[in-house]
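Novice: quick one: sequence and predicted model below, then my questions.
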Protein chains: 2
Amino acid sequence: MNQASDEKALVVLSGGQDSTTCLYWALRRFGAGNVEAVTFDYGQRHRVELDCARKIAALAGVRQTVLPIDTFAAIGGNALTDAGIAPEEGVRDDDALPNTFVPGRNLVFLTFAAAFAYTRGARHLVTGVAQTDYSGYPDCRENTLKALEVALRLGMDSRVELHTPLMYLSKAETVTLAQQVGALEALAWSHTCYNGEVPPCGHCASCELRARGFAEAGMPDPLVERCQAEAQGH
Amino acid sequence: MNQASDEKALVVLSGGQDSTTCLYWALRRFGAGNVEAVTFDYGQRHRVELDCARKIAALAGVRQTVLPIDTFAAIGGNALTDAGIAPEEGVRDDDALPNTFVPGRNLVFLTFAAAFAYTRGARHLVTGVAQTDYSGYPDCRENTLKALEVALRLGMDSRVELHTPLMYLSKAETVTLAQQVGALEALAWSHTCYNGEVPPCGHCASCELRARGFAEAGMPDPLVERCQAEAQGH
């Protein structure tokens, strides 16, 4: 049996709005000294996400570990038939779909996160996935995560617990939660734009979804405010 | 719903005795044209395993894909706090435990294999894990794999099926199965030795277990015969 602490938690931090909110949720829930973050460098198209995650972890004062995953790029269009050929890496300049999307990707993230949590003695795993209105991925649904939790517990002989505080929240409710747990300042450094732009482009589906969430919650987006202030030379 | 073929199968091929036997089991079960193999290059201490897997796939006449996984090395003792630091790679010369052992490793292998099978249109996933008498890993047990199968099906919206033909076989029964499915010739090129030696050292726990299996099944080990013949200059 894993002797993981009942208090320690690991947050999967992508640098986006949802995982940032979850990081602050975890700080409230488990206490500042008990929270760590893990970020995956899996060849994402927008490397700025990694910078955001680093900045947010520093702002929150939590230890952050970046773990590489080179497998998605190899599966998604660059499958190797010879181990000597390196998979595609790094930024893509075109608008093509990244070669890193693979079905069940979130299962992999959470399994690696659980393995890392095990080595860190953390029993609680926190992820910002939600099935409400903005994720079509089946591996972000609650039934998938409940089944995965069973597999992880059996497979690691542990009592790992998956926490998904945003699972049934709307984007507006997530914004309200962010305010309640003190995440707004950090959200000024989070990343959402599908086009990878900072300041965010404002017109892609991700930007519109985020803007609608803040509008419905009746709050300005700290990211937009920060970018506007910087543009005005403040 | 995934439209994967009901006939196509993907075998997780490590180059060892068990996965080699499973590869030939799958050829009998699903037919030669329907079987592929996937091998993981995760920084294993004995790189000779990868050579064995390649040789065996070629002998069996199946398409083999080698997928890299750089994450285990990063988790197991080389966790990165900065994405700019590369994890340890390649062969270790000492006898220390490899830095790539991570709890739940088999969960990761099977999740990646299921993702790859999805992209290849293969519904069946075959793995040589067994819980009988030679695996203490909880993620090789049947209850873990049943739970994982549910998570994979839900998370990939697929009908993936995990096959574990060796789950309850003793080593001797696995040898008998290898004979029945025509895997003996290929077993001459499989890898078992814990010390990574070819010819096998003959005295490590893995070599002794393998030798006992062949002895109890009343058959010579084709690997030992091949090495003896080569030593005698045949």
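Specialist: Thanks, I have it.

Novice: which residue sits closest to A:Ser19, ignoring its sequence neighbours?
Specialist: Leaving aside its chain neighbours, A:Ser19 sits nearest to A:Gly128 (4.1 Å; criterion: C-beta to C-beta, 6 or more residues apart in numbering or on different chains). For the C-beta atoms, the positions are set from N, CA and C on the backbone; glycine is no exception.

Novice: which elements pack onto the secondary structure element (helix or strand) that A:Gly213 belongs to?
Specialist: In this assignment (DSSP states H and E), A:Gly213 forms part of helix A:205-217. Contacts defined by 3 or more C-beta pairs under 8 Å, 6 or more residues apart in numbering or on different chains; DSSP states H and E place helix A:205-217 against helix A:171-180.

Novice: show me the shaky parts of chain A.
Specialist: Segments of chain A classed as low confidence (criterion: pLDDT under 70) are A:1-5, A:77-100, A:133-135, A:234.

Novice: all the helices of it, in order from the start?
Specialist: With DSSP state H, the ranges of helices along chain A come out as A:17-30, A:48-60, A:71-75, A:105-120, A:142-156, A:171-180, A:184-187, A:205-217, A:222-231.

Novice: now those helices as JSON lines including mean neighbour count?
Specialist: Listed next are the helices of chain A as JSON lines, based on neighbours: other C-beta atoms under 10 Å in any protein chain shown:
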{"stretch": "helix A:17-30", "mean neighbour count": "24"}
{"stretch": "helix A:48-60", "mean neighbour count": "20"}
{"stretch": "helix A:71-75", "mean neighbour count": "25"}
{"stretch": "helix A:105-120", "mean neighbour count": "24"}
{"stretch": "helix A:142-156", "mean neighbour count": "22"}
{"stretch": "helix A:171-180", "mean neighbour count": "20"}
{"stretch": "helix A:184-187", "mean neighbour count": "20"}
{"stretch": "helix A:205-217", "mean neighbour count": "17"}
{"stretch": "helix A:222-231", "mean neighbour count": "15"}
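
Novice: export stretch A:168-178 as CSV, just CAs?
Specialist: The C-alpha coordinates for stretch A:168-178 follow below in CSV (Å, rounded to 0.1, in the frame of the first residue of the first chain):
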residue,chain,number,x,y,z
TYR,A,168,-20.0,20.3,-14.1
LEU,A,169,-19.4,24.0,-14.0
SER,A,170,-20.2,26.4,-16.8
LYS,A,171,-17.5,28.8,-18.0
ALA,A,172,-19.2,31.5,-16.0
GLU,A,173,-19.3,29.4,-12.9
THR,A,174,-15.6,28.6,-13.3
VAL,A,175,-14.9,32.4,-13.4
THR,A,176,-16.9,32.8,-10.2
LEU,A,177,-14.9,29.9,-8.6
ALA,A,178,-11.7,31.5,-9.7
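
Novice: need the residues that contact it.
Specialist: A:17-18, A:20-21, A:24-25, A:130-134, A:165-166, A:183-184, A:187, A:209-210, A:212-214, A:216-217, A:219 (C-beta atoms under 8 Å, 6 or more residues apart in numbering or on different chains).

Novice: what's the helix holding A:Gly213 in contact with?
Specialist: The contact list for helix A:205-217, computed with C-beta under 8 Å, 6+ apart, reads A:17, A:134, A:170-176, A:179, A:192-194, A:200-202, A:220-221, A:224.

Novice: what about that helix, distance to the chain center?
Specialist: 18 Å (C-alpha atoms, centre = their mean, to the nearest Å).

Novice: and the angle for that helix with helix A:222-231?
Specialist: 100 degrees (axes from the mean of the first three to the mean of the last three C-alpha atoms, to 10 degrees).

Novice: taking helix A:17-30 as reference, get the angle to helix A:205-217.
Specialist: Interaxial angle, helix A:205-217 versus helix A:17-30 (the same axes, to 10 degrees): 50 degrees.

Novice: picking that back up, so how many other residues sit close to the residue nearest to A:Ser19?
Specialist: Number of residues near A:Gly128 (other C-beta atoms under 10 Å in any protein chain shown) recorded here: 25.

Novice: and it, what does it touch?
Specialist: A:Val12, A:Ser14, A:Gly16, A:Asp18, A:Ser19, A:Thr20, A:Thr21, A:Cys22, A:Thr164, A:Pro165, A:Leu166.

Novice: try A:Ile69
Specialist: So A:Ile69 contacts A:Phe40, A:Asp41, A:Tyr42, A:Gly43, A:Val108, A:Phe112, B:Ile69, B:Asp70, B:Thr71 (C-beta under 8 Å, 6+ apart).

Novice: can I get the residues you listed in JSON lines including distance to B:Arg123?
Specialist: Formatted as JSON lines, those follow (distance: C-beta to C-beta, whole Å):
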{"residue": "A:Phe40", "distance to B:Arg123": "28"}
{"residue": "A:Asp41", "distance to B:Arg123": "32"}
{"residue": "A:Tyr42", "distance to B:Arg123": "26"}
{"residue": "A:Gly43", "distance to B:Arg123": "27"}
{"residue": "A:Val108", "distance to B:Arg123": "20"}
{"residue": "A:Phe112", "distance to B:Arg123": "25"}
{"residue": "B:Ile69", "distance to B:Arg123": "23"}
{"residue": "B:Asp70", "distance to B:Arg123": "28"}
{"residue": "B:Thr71", "distance to B:Arg123": "26"}
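
Novice: out of those residues, what pair is the most spread apart?
Specialist: A:Gly43 and A:Phe112 (14.6 Å; C-beta to C-beta).

Novice: if I look at A:Thr127, how far off is A:Met167?
Specialist: Noted for A:Thr127: a distance of 9 Å to A:Met167, by C-beta to C-beta, to the nearest Å.
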